[in-house]
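*Asks:* Got a predicted structure plus its sequence, pasted below:
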Amino acid sequence: MDLRAQIESDLEDILEGDFGLPVTLISPAGESVTVMGQVAYDTRKFDPLTGAEMIINLPVVTVRRSSLPAIPADGENWSVKIPSTPTVTGDLTTYVLEKPVEHGRSFGWITLYLMAAEQLV
Amino acid sequence: MNFQTVKDNLVTILGAGASGRYRTIGYQPQGDSTELTANLNRSVQVFYARGSFPKSGAGIRGPIRHEMSFRIELLASKAARVDLAALESFVSTPAQKATALAGLQHAASLADDSADELMSIVYGVLMDNSDMDLGPDLEVSSRWISSYSKDAPHPRGSLVTVTGSMDLTGTIYETLSGLEALNVDSEGVIQPTTISVDVVNDDDELTLQGVTVTNAAPE
């Protein structure tokens, strides 16, 4: 097995193995795809106004690039559904992508920063 | 000092004028209906920022002129808006989902609009003629909102926030309460203080001999 194949195999174990959660992406064309990925619900961040470190609610999803038929590009409107709590069978919450995808052009994985959404009235 | 009462009055005025359109930090509402609390992702907080005390002949022995400046901090946060019903429905077609995503309203612009609306509301509440004195128990003169500044939309977690700061100035007269000596025992409890004056009556002439301050012993 060459190095690239080894990395793909490792990513499959790490991101889509026992700790993976179902992540559903809806593309701007309305096509849905569900893959397994890692979901972190809280993130540490520094408040630029005060300099204080905060734990904030910012779901971050990491999925294997090769599992997706298309990679979200900057400026496109995508929707992402993840479990509301870290359980495979729990309720789902719908978020949208407003920030650029990290590692979007890299080999391996992509990281999605999700933004909350409310019903359009 | 009186500016502390003015600050409390500002919180009360802002809280009473909110009508569910924003939340006033430090204000205890008596209860709001569900319809009135629809926009509680906006908050207002009052800080005493600075004061100046122009020297004058009247102020040497009398009330001191206090030119106060309060900072009113405004915060609005918003999520993106999209047709969630279409995206979450199991019977939606790809075309319906695509239409929903095409109509997405970004959180940054919504938060910016919400902050502008909040500024308009708060300005109206604070500059209303009925509250020109900033409270029933004091007379604040020259009440004026002199400036407002707003920051750029900032992603904070899964929401986008916009902060703004409003400067409110006014003038009030402060009366000094004088020295207040406290008799605090070893356990930090304030005890009553007894002051006695020795007076000598000498040929119908009263002479002040001295002042003795006796601290009551803690029981």
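*Replies:* Noted; the coordinates are in hand. Residues are numbered from 1 along each chain as shown, chains lettered A, B, ... in the order given.
*Asks:* would you list every one of the strands in chain A?
*Replies:* With DSSP state E as the criterion, chain A has strands at A:21-26, A:32-46, A:53-64, A:79-83, A:92-97, A:109-119.
*Asks:* Tell me which residues of the first one come out buried.
*Replies:* Okay, so that is strand A:21-26. Across strand A:21-26, burial judged by 16 or more other Cβ atoms under 10 Å in any protein chain shown covers A:21-23, A:25-26. Bear in mind the C-beta positions are built from the backbone N, C-alpha and C, glycine included.
*Asks:* Kindly report the domain assignment for chain B.
*Replies:* Domain ranges of chain B: B:2-174, B:181-219, per automatic domain parsing.
*Asks:* Worst mean pLDDT among those domains?
*Replies:* Among the domains of chain B, domain B:181-219 carries the lowest mean pLDDT, a mean of 65.
*Asks:* Show residues contacting the longest helix along chain B.
*Replies:* For chain B, the helix with the greatest residue count under DSSP state H is helix B:107-126. Residues outside helix B:107-126 that contact it (Cβ atoms under 8 Å, 6 or more residues apart in numbering or on different chains): A:98, A:115-116, B:10, B:13-14, B:17-18, B:21-22, B:39, B:41-42, B:44, B:72, B:74-81, B:131, B:145, B:148, B:150, B:153, B:155, B:159-164, B:166, B:168.
*Asks:* Next step: those residues restricted to strands.
*Replies:* A:115-116, B:42, B:44, B:72, B:74-78, B:80-81, B:145, B:148, B:150, B:155, B:159-164, B:166, B:168.
*Asks:* Is the helix or strand bottoming out on mean pLDDT in chain A positioned near chain B?
*Replies:* Across the helices and strands of chain A, the lowest-confidence element by mean pLDDT, DSSP states H and E is strand A:53-64, at a mean of 83. Yes - on the criterion Cβ under 8 Å from any Cβ of the partner chain, strand A:53-64 is in touch with chain B at A:56-59.
*Asks:* Show me how far that strand is from its chain's centre.
*Replies:* Between the centre of strand A:53-64 and the centre of its host chain there is 9 Å, according to Cα atoms, centre = their mean, to the nearest Å.
*Asks:* what comes up buried for it?
*Replies:* Buried residues in strand A:53-64 (16+ other Cβ under 10 Å): A:58-64.
*Asks:* Given it, what are its sheet partners and their directions?
*Replies:* Using DSSP bridges, strand A:53-64 pairs in its sheet with strand A:32-46 (antiparallel), strand A:109-119 (antiparallel).
*Asks:* Just the buried residues of the shortest one, please?
*Replies:* Meaning strand A:109-119. Neighbour-count burial for strand A:109-119 [16+ other Cβ under 10 Å]: A:109-118.
*Asks:* Let me have those in JSON lines, extended by pLDDT.
*Replies:* Conversion of the buried residues of strand A:109-119 to JSON lines gives the following (pLDDT from 0 to 100):
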{"residue": "A:109", "pLDDT": "87"}
{"residue": "A:110", "pLDDT": "89"}
{"residue": "A:111", "pLDDT": "90"}
{"residue": "A:112", "pLDDT": "90"}
{"residue": "A:113", "pLDDT": "89"}
{"residue": "A:114", "pLDDT": "90"}
{"residue": "A:115", "pLDDT": "89"}
{"residue": "A:116", "pLDDT": "88"}
{"residue": "A:117", "pLDDT": "89"}
{"residue": "A:118", "pLDDT": "87"}
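*Asks:* The buried residues of strand A:53-64 into CSV, with extra columns for distance to residue B:3?
*Replies:* CSV is the format used below for those (distance: Cβ to Cβ, whole Å):
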residue, distance to residue B:3
A:58, 39
A:59, 44
A:60, 45
A:61, 50
A:62, 52
A:63, 56
A:64, 60
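*Asks:* which one of the residues you listed sits closest to chain B?
*Replies:* Nearest to chain B among these: residue A:58, at 4.5 Å, using Cβ to the nearest Cβ.
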